[in-house]
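Student: I'd like to go over a predicted model; first the sequence, then the structure.
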Protein chains: 4
Amino acid sequence: MNQPTQLVNVTGLAQALEAFATERDWAQFHSPKNLVMALTGEVGELNELFQWLTEHQSKELVDDPKAKGRVAEELADVLFYLVRTASVMGIDLNEAAVDKLALNEEKYPAEKARGSNKKYSEI
Amino acid sequence: MNQPTQLVNVTGLAQALEAFATERDWAQFHSPKNLVMALTGEVGELNELFQWLTEHQSKELVDDPKAKGRVAEELADVLFYLVRTASVMGIDLNEAAVDKLALNEEKYPAEKARGSNKKYSEI
Amino acid sequence: MNQPTQLVNVTGLAQALEAFATERDWAQFHSPKNLVMALTGEVGELNELFQWLTEHQSKELVDDPKAKGRVAEELADVLFYLVRTASVMGIDLNEAAVDKLALNEEKYPAEKARGSNKKYSEI
Amino acid sequence: MNQPTQLVNVTGLAQALEAFATERDWAQFHSPKNLVMALTGEVGELNELFQWLTEHQSKELVDDPKAKGRVAEELADVLFYLVRTASVMGIDLNEAAVDKLALNEEKYPAEKARGSNKKYSEI
């Protein structure tokens, strides 16, 4: 019998965010629609960290502990709203990831997609 | 001795995405800057699923398996680029989440933030 | 002979932004890719102003001069990067708007689209 | 007496979009909150056109009429939702642009900002 694949486990975070919202009586604001907007706001902040950098500079950012820390903070914020959205909608993120990865394997066969940055519909 | 807190574990997915990119010779495109743009594209698609819905409708979306599946797919896509960005930058997402959650506890004390949707700087 | 349709005129702003960038030696940063990321950052800030509001509250925001002013400021920022992107790419925004509006008229025939929030592919 | 500065004129488009929405009975969906999400969706699509390009490639995109046309289309979509948001909120985009440009002149004095990609708070 196969073990179910485990790509991610976000249970601890989902519970922590649930508690965080409950303690502040914030669940009332956490509709999927609102959470998606909040996620978008954080992604905007992430963009601001990279917008004027060359690709090369974006790769070297990790050598600057302060800049790396800022990115880590924004990635965490995005993760929070992502996990919270899945959580309030009863979506299992691991299952979603397993399914989507399988779909991507089909959409982008390694042989055809190699070295190409084209969208699957254009391969 | 304290155990380190475990909020998320994304190791399996990070490895799967690394393999996926390597098999397709896509690592060359995966600069942090590019990955943040790709993340943004997926977040845009997520917004499209909710843009004309009322908050109430966004909550009821989970009762429609097809619509829920579409959201799950977009959340997975966002998760992929999020984990991949962290991965190429050598950022530990669990550590980032632990640190940011602690910071949020400070920024939004439960007593002061209760029931308010104001930003921390306005509390 | 038909007059060309005039939907928007952004010439004054395009010139002002060009001068602004030149005076600061910023043209070097204004690749289309970078400008799109900067645009995204501003759209993120716009989302932050609306994320926890109900639709009703978002409509009433105009009655609060301070809040309305904040939105106006973010809309201006989005407009700046939009016009600047078009400008560095030699895209005529009025022409683009005329063409796209005509396309939308075709995609969403008034009779079929009336009162529906479905995407054109689902009508 | 000074003439008011004219940076942009979007009156024609605002009227066309108003008519477009009215003919389809879509005004009911056009709350500022919803329009901001729709704007975000279009910005996501714009990101998708640039995500895997180098900055250099993003500059050369204008030499490919088909690619340039796609960008023009997405820029038009962003413009539509931007103008429509301003319109339903009674925000004068020209006035907003004039005010914000003046503010930016203050925030980024040419002498100090020259050749720097730092945020104003870091200059």
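Tutor: It's in.
Student: skipping its backbone neighbours, what lies nearest A:Glu45 in space?
Tutor: Leaving aside its chain neighbours, A:Glu45 sits nearest to A:Glu74 (5.2 Å; criterion: CB to CB, 6 or more residues apart in numbering or on different chains). For the C-beta atoms, the positions are set from N, CA and C on the backbone; glycine is no exception.
Student: same check on A:Val71?
Tutor: A:Leu49 (5.8 Å).
Student: hang on, the one you found in a strand?
Tutor: No - checked against DSSP: H, G, I helix; E, B strand; the rest coil, A:Leu49 lies outside a strand; its state is helix.
Student: ok, how many other residues are close to it?
Tutor: By other CB atoms under 10 Å in any protein chain shown, 21 other residues sit near A:Leu49.
Student: give the contact list for it.
Tutor: Applying CB atoms under 8 Å, 6 or more residues apart in numbering or on different chains, we find A:Leu49 in contact with A:Leu61, A:Ala67, A:Arg70, A:Val71, A:Glu74.
Student: quick one on the thing from earlier: contacting residues for the residue nearest to A:Glu45?
Tutor: A:Glu42, A:Glu45, A:Leu46, A:Leu49.
Student: and the residues you listed, which is closest to chain C?
Tutor: Checking the contacts of A:Glu74 against chain C with CB to the nearest CB, the nearest one is A:Glu45 at 6.0 Å.
Student: what are the buried residues along stretch A:47-60?
Tutor: A:Asn47, A:Glu48, A:Leu49, A:Phe50, A:Gln51, A:Trp52, A:Leu53, A:Thr54, A:Glu55, A:Gln57, A:Ser58, A:Lys59 (16 or more other CB atoms under 10 Å in any protein chain shown).
Student: quick one, what contacts the nearest residue to the last one once chain neighbours are set aside?
Tutor: Residue nearest to A:Lys59 in three dimensions, not counting chain neighbours: B:Ser31, with 5.5 Å by CB to CB, 6+ apart. Applying CB under 8 Å, 6+ apart, we find B:Ser31 in contact with A:Glu55, A:His56, A:Ser58, A:Lys59, B:Val88.
Student: and the pLDDT for B:Ser31?
Tutor: Listed pLDDT for B:Ser31 reads 97.
Student: give me phi/psi at it?
Tutor: Main-chain torsions, B:Ser31, degrees, to the nearest 10: phi -70, psi 150.
Student: list the contacts of A:Gly115.
Tutor: Contacts for A:Gly115 (CB under 8 Å, 6+ apart) come out as B:Arg24, B:Asp25, B:Trp26, B:Gln28.
Student: could you turn the buried ones of these into a ChimeraX selection?
Tutor: Selecting only the buried entries of the contacts of A:Gly115 in ChimeraX, with 16+ other CB under 10 Å as the criterion:
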select /B:24,26
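Student: with respect to chain C, which of the contacts of A:Gly115 is nearest?
Tutor: B:Gln28 (16.1 Å).
Student: excluding chain neighbours, what is closest to the closest one?
Tutor: In space, B:Gln28 is closest to A:Gly115, 7.6 Å off (CB to CB, 6+ apart).
Student: how about the helix-or-strand element of chain A with minimal mean pLDDT: buried residues?
Tutor: Lowest on mean pLDDT, DSSP states H and E among the helices and strands of chain A sits helix A:110-113, with a mean of 83. Under the neighbour-count criterion of 16+ other CB under 10 Å, helix A:110-113 has A:Ala113 buried.
Student: check whether it comes near chain B.
Tutor: Yes - interface with chain B: helix A:110-113 contributes A:Ala110, A:Ala113 (CB under 8 Å from any CB of the partner chain).
Student: export that helix as CSV, just CAs?
Tutor: Output of helix A:110-113 as CSV, limited to C-alpha atoms (Å, rounded to 0.1, in the frame of the first residue of the first chain):
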residue,chain,number,x,y,z
ALA,A,110,10.6,17.3,-19.5
GLU,A,111,11.6,16.5,-23.1
LYS,A,112,9.5,19.2,-24.7
ALA,A,113,10.0,21.9,-22.1
